[in-house]
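1. Model the following, please.
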Amino acid sequence: MYVKFDFNALCKKVLDEKLKEQGLKYRLLNFGEVEFYESFTQEQHTTFKKNLEDYGIEIIESQKTTLVQKIKDAIVELVFSDDVIPVKASIYIAEKLNHSYGYLSNLFSEVAYTSIENFIILQKIEYAKELIINNKLSLTEIAHKLNYSSVAHLSTQFKNTTGITPSQFQKLITKRRNAQSIIINTKMLYE
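-> Numbering: from 1, shown residues only. All right, here's what the predicted structure looks like:
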């Protein structure tokens, strides 16, 4: 079985449930931002932090880390957008966060130990894998959707990141589906 999920919706739901459990008055703002209408105790903060960690969500404590998270969120929004955004990633991120790209790039590298460009490539390849698994678009359409100049460019970055080409990945997915189908059909015969 293959499952598609929306990280933003999932995280918002978890945040909403955990905040309600603690009876806190709040409002969810942009992805990953919560505004509290009242202060809460250190004990409530510790409990809330622990509850979120069970889901792989952490509270960001420093301004630098917060800005880096906003950069990551902007990149995910850019890459996973349903529409092709006709502006360079550097311009999109700088305008979205209202800082110079040079400053954001240096900060990101300092805090995340990788470049914004590498993070963008990783996100694009993850999205390409998702699109290949969903089997709705051709490689040409995927390359266009992810703003690659050609399928060859997508293939090169895909192989550099995963170790295999998108075509090889497609074949693996097809073989896995066929194998699962055979197993299911065999089980049905013996039931």
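2. drop to CA atoms for contacts and neighbour counts, all remaining ones
-> OK.
3. Would you mind naming the helix or strand containing the residue minimising distance to the centre of the chain?
-> When C-alpha atoms, centre = their mean is applied to the chain, the residue found nearest the centroid is residue 76 (5.2 Å). In this structure, residue 76 sits in helix 63-79 according to DSSP states H and E.
4. wait, isn't the residue nearest to the centre of the chain in contact with residue 123?
-> Yes: judged on C-alpha atoms under 8 Å, residue 76 makes contact with residue 123 at a distance of 6.8 Å.
5. Now do the helix or strand hosting residue 123 against helix 63-79, angle only.
-> Element membership of residue 123 [criterion: DSSP H and E] is helix 116-134. Relative orientation of helix 116-134 and helix 63-79, computed by axes from the mean of the first three to the mean of the last three C-alpha atoms, to 10 degrees: 40 degrees.
6. Would you mind pulling the contact partners of helix 116-134?
-> 72, 75-76, 79-80, 105, 108-109, 137-139, 142, 146, 157-158, 161, 166, 169-170, 173 (C-alpha atoms under 8 Å, 6 or more residues apart in numbering).
7. how about 7 Å then?
-> Contacts to helix 116-134, defined as C-alpha atoms under 7 Å, 6 or more residues apart in numbering, come from residues 75-76, 79-80, 105, 108, 137, 142, 146, 158, 170, 173.
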